[in-house]
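**Q** pasting the sequence and the predicted coordinates here, then a few questions.
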Amino acid sequence: MATRALLAVIYASPNRCYISPSRIKIQSLTCSSSSHYYQRQSRKNHRIARSYSSDSDSSVLQPPDVARLAQTARISLTPAEIEECETKIRRVIDWFGQLQQVDVNSVEPAIRAEMDGGNLREDAPETFDNRDSIRASIPSFEDAYLKVPKILNKE
Amino acid sequence: MSTTLLRTFQPNQFSLLGTSLLRRRRSNNFSVRFCGSQTTTTHEAKQSSPTRVAPKNHKSNKLDEILRDYEAVIGIETHVQLSTLTKAFCSCSNNYGSYPNTSICPVCMGLPGALPVLNSKVVEFGVRLGLALNCDLSLKSKFDRKQYFYPDLPKGYQISQFDIPIASGGYVDLDIPLEFGGGHRRFGITRVHMEEDAGKLLHSDTGDYSQVDLNRAGVPLLEIVSEPDMRSGIEAAEYACEMQRIARYLGVSNGNMQEGSLRCDVNISIRPIGQAEFGTKVEIKNLNAFSAISRAIDYEISRQALLYNQGKADQIVTETRLWEEGAQKTVTMRKKEGLADYRYFPEPDLPEVILTKEYVDSIRASLPELPEAKRRRYEAMGLGMQDVLFLANDVSVAEYFDAVIGKGAEVKLAANWIMSDIAAYLKNEKLSINDIKLTPQELAELIAAIKDGTISGKIGKEILFELLAKGGTVKGMIKAKDLVQITDPVEIEKMVIQVVSENPKQLEQYRSGKTKLQGYFAGQIMKMSKGKANPGLLNKILLEKLNAKD
C-alpha cells in the first residue's frame, strides 16, 4: 500500500525521478502511447526500466510539483494550500526516502511484488442483482442515461 | 493555464455542425452511416463502389507525382473488441445493443471498494491473436493504470498494459488486391496488449449536456500496434482488412467496423525521399470503413506534401485530425498541447498474468488455418490470385470451398461456382454462405453431373437456384424434373428434322444467306426438348441438316 502511494507520487512528477545513480532507477513513465509508437522497445527486458539518463548525481528526491499534481488530479488548491501541501508531501517522500539506504545492486528488479499470478475468472455471465440502487445513486440519471455536462474544449 | 490533456480529445466538431447524434468517445468515432453490409466480403465492399474508382484514377496521377518526391510513413493502431461472454474485469454480460446502463455492476461502474478480476478468456484471446500475428509472448506481463478524466471512464483510469504487453515483435503477411497492383507485403507488429473499453458518450445537438451509457465500460479490447511499415493508403487499408480477417478467423471478435468492434487509428507522416528522420506525425481518427482509411491517407499525404512544397512544412504539427466522410477531408480536432500525461503505474489490484509453456503450446495447436496459410495453399492448388483472395477472405466461404473440393469436385470449377453464381445469390438475398441450403456435398454432385454430361451447364445453373433456396439433392431434382441431357444423336436428329420441316420459310431464308437463323432453329429445338438437348450435338446435327440440300 505504501509503495503504491510512493509510486503514484513519483510517476506524477514531470521530471525523470531518480533515487540514486547506483540504486534502482525508475524511469518516469510519463510518455503517452503516441511516443512509444516510434520507440524501440527491448522486448525481453522485463525489468522496471533503468533510466537512460546519465547526467544525474543527485541522491536527493526531487520535490513534487504540487501545482501540477493538483491539476492532474483535478483538485483545486489555493496558493496557500499548495504551499502547505508541499511541505507535507515532501515530508512523506523523505520518509520513504529511507528506502534509498538499501543496497539493491545485486537484486533483480521484479515487475510486481507478489510471487504468484493467476486469479482468473471464468467467462460466465452473472447479472448484478442490485442494479436499481446503482442507478438510483447516480446524481443525474435521466432517460436511462447518465446526464453529464457537455465538454467543449475546456480544461 | 493550459495543461496537458487527453492525448486525443473529443467531440464537438460534429455536434457544433448540428449533424445527427453521433456516438463518440476518446478513440471511437462511430458514424451512423454503414459502409457495406456484414455479409458482403470486405473484398467485395472495396470493389463495389464504382464512384470510388473514377476519382482515384484521376487523383492517382497527382499522388504518384507526390510519391516521387515524398515517402509516406504509416502506422496503424487497431482496437479489437473481444467477443467474450463477459466483460474484462467483472461478470457483466458483454453484448452489443442492450438497453442503456443495464449491463453494470460496482466493478465496471468504478464504485468504491470494487475490485477487478481478470476474465480468463481475455488472456486466451490475447495469446491466440499474439500467436496468429507471429509475436513473441511475454510469459509474464502486467496491467497498468492509464489515468485521465472523462465522463465515459468511470474509474478515472483505464486498466491497460503499458510497458510489458502480452505479445510483441510480430508481423503479418498479406497480399495486395490485384486491382491495386497485387504483390506480397509483410508489415511488422510492434505489440498486442489487453485493455478495457470505456463507455459510450452521446452528445445532444441541442442543450448543453451529453449522455453516458456504461454498458460498454469494461468490455475487453486487444490493441494491436503496427510498426510504421506501410507506405500508402492501399497498404494501410489492406492491413486493416487483414486484421479483421484474422480476428474473424480466430473467432476472437466479429470485427465489425460499423458496430465499433474493430477501430483503426492511423498515424501518418511524410518525409522527402532519402531522408532518414521521420517527419511530423499526425493522427487520424473517425475512420469507419477500410475505404475511408485509404482515402484519408491519400488526402493527408497530399495535404502534407502541399505544405512541404510551399515551404510551410512547419505548419504540419503533431495533432489529431478527424476524417470527415462527407467532405472527404481531414480536419483538426485540436492541436496537442504537449504530450498527454497518463501517469502510468502498475495496477495494484491485479496480479501478474503468467503464461506457461504448456498453455501457449495448447493454444498454438488449436489455432485454425490462418488466412495467409490458406492463401498460399490455394495458390499452390493452381488458383489465380483473384480467386485466392476471394475465397480466403471470409473464413466461412473458405470452409465451404474446402468442403466442396473435399468431396472430390474439381478445384477451378468449384471456385467458379462459388465466386459467380453463389456469390451473386448471397448478395441478392443478403445471406451468408452459412445460410444457404445447398450443401457442399450437393455442389460437388452438381459439378460432377455437368462434367460427365448428365445435365447441361445451363440446366445446372437453373437448378442451382432452387438448390440454394430450398435444398434437396441434385440426383433427386434431375429425376423429378426429368432433366437428363439428351445426347442421343438419333433423338436430336428427329427433333431437328421436325423443326426444320415446320419452319419452311425460315429454312428458305437461311438457304438464301441468312445464316444467323441457325440460332432461331436451335432455340426452337431447345424449346421442344425442354432445354435438355446437348447444345454441341444439337448445333452439329442442325448445321448438317440445314446445309444438306445445298
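**A** On my side now, so go ahead. Keep in mind that this is a model prediction, so the values were computed, not measured.
**Q** could you look up the SS state of B:R321?
**A** Following DSSP: H, G, I helix; E, B strand; the rest coil, B:R321 is assigned to strand.
**Q** so the closest residue to it other than its chain neighbours bridges to which residues?
**A** Nearest in space to B:R321, with sequence neighbours left out and distances taken as CB to CB, 6 or more residues apart in numbering or on different chains, is B:T330 at 4.0 Å. Yep, even glycine has a C-beta here, placed from its N, CA and C like the rest. Assessed by DSSP bridges, B:T330 has beta-bridge partners B:W323.
**Q** hang on, B:T330 packs against B:L322?
**A** Yes - under the criterion of CB atoms under 8 Å, B:T330 makes contact with B:L322 at 6.6 Å.
**Q** settle it for me: which of the two has more neighbours?
**A** B:T330 (25 against 22; other CB atoms under 10 Å in any protein chain shown).
**Q** so where's chain A uncertain?
**A** Counting by pLDDT under 70, chain A has low-confidence residues at A:1-60, A:111-113, A:115, A:152-155.
**Q** could you do the stretch 201-350 of chain B as well?
**A** In the stretch 201-350 of chain B, residues with pLDDT under 70: B:334-339.
**Q** same thing but at 80, please
**A** Across the stretch 201-350 of chain B, the ranges flagged by pLDDT under 80 are B:334-340.
**Q** can you check chain B too?
**A** When residues are selected by pLDDT under 80, those of chain B lie in B:1-61, B:334-340, B:453, B:481-487, B:531, B:546-550.
**Q** and if we set it to 50?
**A** Applying pLDDT under 50 to chain B flags residues B:1-56, B:550.
**Q** which stretches of the stretch 1-150 of chain B form helices?
**A** B:13-16, B:42-47, B:50-69, B:106-109, B:120-132 (DSSP state H, counting those that start in this stretch).
**Q** name the helices or strands packed onto the longest strand anywhere in chain A?
**A** For chain A, the strand with the greatest residue count under DSSP state E is strand A:145-149. Applying 3 or more CB pairs under 8 Å, 6 or more residues apart in numbering or on different chains; DSSP states H and E, we find strand A:145-149 packed against strand B:209-213.
**Q** what's the strand it packs on in contact with?
**A** A:143-151, B:11, B:100-101, B:151-152, B:199-204 (CB atoms under 8 Å, 6 or more residues apart in numbering or on different chains).
**Q** that one vs strand A:145-149, what angle?
**A** 140 degrees (axes from the mean of the first three to the mean of the last three CA atoms, to 10 degrees).
**Q** the very next helix or strand once past strand B:209-213 vs helix B:120-132, what angle?
**A** Using DSSP states H and E, the helix or strand that follows strand B:209-213 towards the C-terminus is strand B:220-226. Angle between the axes of strand B:220-226 and helix B:120-132 is 20 degrees (criterion: the same axes, to 10 degrees).
**Q** so strand B:220-226, near chain A or not?
**A** Yes - counting by CB under 8 Å from any CB of the partner chain, chain A has neighbours in strand B:220-226: B:V225.
**Q** can you tell me what sits against that strand?
**A** Contacts for strand B:220-226 (CB under 8 Å, 6+ apart): A:33, A:37, B:75-82, B:84, B:87-88, B:94, B:119, B:121-122, B:125-126, B:129, B:133, B:160, B:187-197, B:239, B:243, B:252-253.
**Q** quick check: B:L111 touching A:R131?
**A** No - the pair B:L111 and A:R131 does not pass the contact test of CB under 8 Å, sitting 11.6 Å apart.
**Q** hmm, back to that, pull up the overlap in contacts between B:T330 and B:L322.
**A** Counting by CB under 8 Å, 6+ apart, the residues touching both B:T330 and B:L322 are B:I284.
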